Every structure is written in C-alpha cells, then in structure tokens.
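1. here is my input; please provide its structure:
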Amino acid sequence: MIWKILLILIVSMVPLIELRGAIPIAIGMDLGLPEWAVLIIALIGNILPVPIIYLFAQKVLKWGQKCKIKWFKKFCNFCLEKGKKAGDKMLKKAKAGVYVALFLFVAIPIPGTGAWTGTLAASILDLDFKKSMLAVIAGVITAGLIMLLVSLGVFRVLFG
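-> As a prediction, this is how the structure comes out:
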C-alpha cells in the first residue's frame, strides 16, 4: 500500500509530469486506491515543492548558468528562459489580474503549464509570495479535479 502512495506522490512531484500525469497513471494502473485518495495524494505531491521552487529555484538556476558542466548549464538556461517567457506572456495578457492569470496558467492541464512553471515564473517576476502560493495551489487543485474527471471518463459520459 505504501509503495502505491509513494508512486503517486513522487510522480506528481516530477516537473512537466506533475499531477497531470500522476492521476491518469494511478487510475490507469488501477492501484486499488479510491479515486479521492489518488487525488489527495497527487495534490500533496504537486503542492509540496511549490514554496521551495519559489524560494530557491531562481537562485539555483542562476548559479547553474555559471556552472562548468555543459549539460547542467544548458538546462539552467532553458529553465530560466522558459520561466521568463511564461512570466512575460502572463504579465502581458493579465496586467492587473496577474494572480488570476497565474491561477489559470496552472489550472489548465496542458503540458508546460503546471505548478513548476507557474511558480518559477512567479519567482522570476518577483510576484508576492503569499498571493503566488494561493494562485498556484488553487490552480493545482483545479487541474487535479479536471484530470481526475478526465481520467475517470466523466467528460466522455457527459458530452458524448
């Protein structure tokens, strides 16, 4: 039982996969856990790294840009560019409603728009910590509910 929980928890912590992948994987593998438990475990796993990302990711990535290890330097540049690009795009569209935009960015479950990218963008843009955390966490919860419904085929039943 514990390995099932750890599997969902760890997969939901992985950048780019997050709960968008953890929930369908857990439902598809039929781990024998209730759907609500899968959702809660995936939410916890996806939310746990968020404050750490906000507080430390930008510092680590900027340090990594100076690293002599070529692949790590390239990875750090990629992450900073992606975060900056996502942040600038969000700011341009949102203007005053930046936290609503951050929520929507994280809530819409498409690749590259999860908690990791949203939190990195908030950190790079120096957005308010508490407001950013609330927006990202609300987005993660919304994305989790959407992914659970999709994984259970509810949309297929409702719409055709």
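2. and for Gln22, the neighbour number?
-> Let me fix one detail, which is that residue 22 is Ala and not Gln. Neighbourhood size, Ala22 [other Cβ atoms under 10 Å]: 27. For glycine as for every other residue, the C-beta is placed from the backbone atoms N, C-alpha and C.
3. just checking, it touches Ala42?
-> Yes: with contact defined as Cβ atoms under 8 Å, Ala22 and Ala42 form a contacting pair (4.5 Å).
4. shared neighbours of those two, anything?
-> Ile8, Val11, Ser12 (Cβ atoms under 8 Å, 6 or more residues apart in numbering).
5. and those, which is closest to Trp36?
-> If you rank those by distance to Trp36 using Cβ to Cβ, Ile8 comes first, at 12.4 Å.
6. which one's the longest helix in the chain?
-> helix 70-94 (DSSP state H).
7. and the contacts of it?
-> 57-58, 60-67, 98, 100-102, 105, 112-113, 117-118, 120-125.
8. how close does the residue nearest to the spatial centre of the chain sit to Gly45?
-> Computing the C-alpha centroid of the chain and ranking residues by Cα atoms, centre = their mean puts Ala115 first, at 2.3 Å. Note on Ala115: its distance to Gly45, by Cβ to Cβ, to the nearest Å, is 10 Å.
9. low-confidence ranges in this structure?
-> Low-confidence segments of the chain, defined by pLDDT under 70, span residues 155-160.
10. coming back round to it: and the contacts of helix 70-94, which of them are in helices?
-> Going by DSSP H, the helices hold 58, 60-64, 98, 100-102, 105, 117-118, 120-124 from those.
11. for ChimeraX, what selects the buried ones among those residues?
-> In ChimeraX, a selection of the buried entries from the ones in helices among the contacts of helix 70-94 looks like this (16 or more other Cβ atoms under 10 Å):
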select :58,61,64,98,101,102,105,117,118,120,121,122,123,124
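12. what about Gly144, neighbour count?
-> 25.
13. and for the one 3 residues further on?
-> Using other Cβ under 10 Å, the number of residues around Met147 comes to 22.
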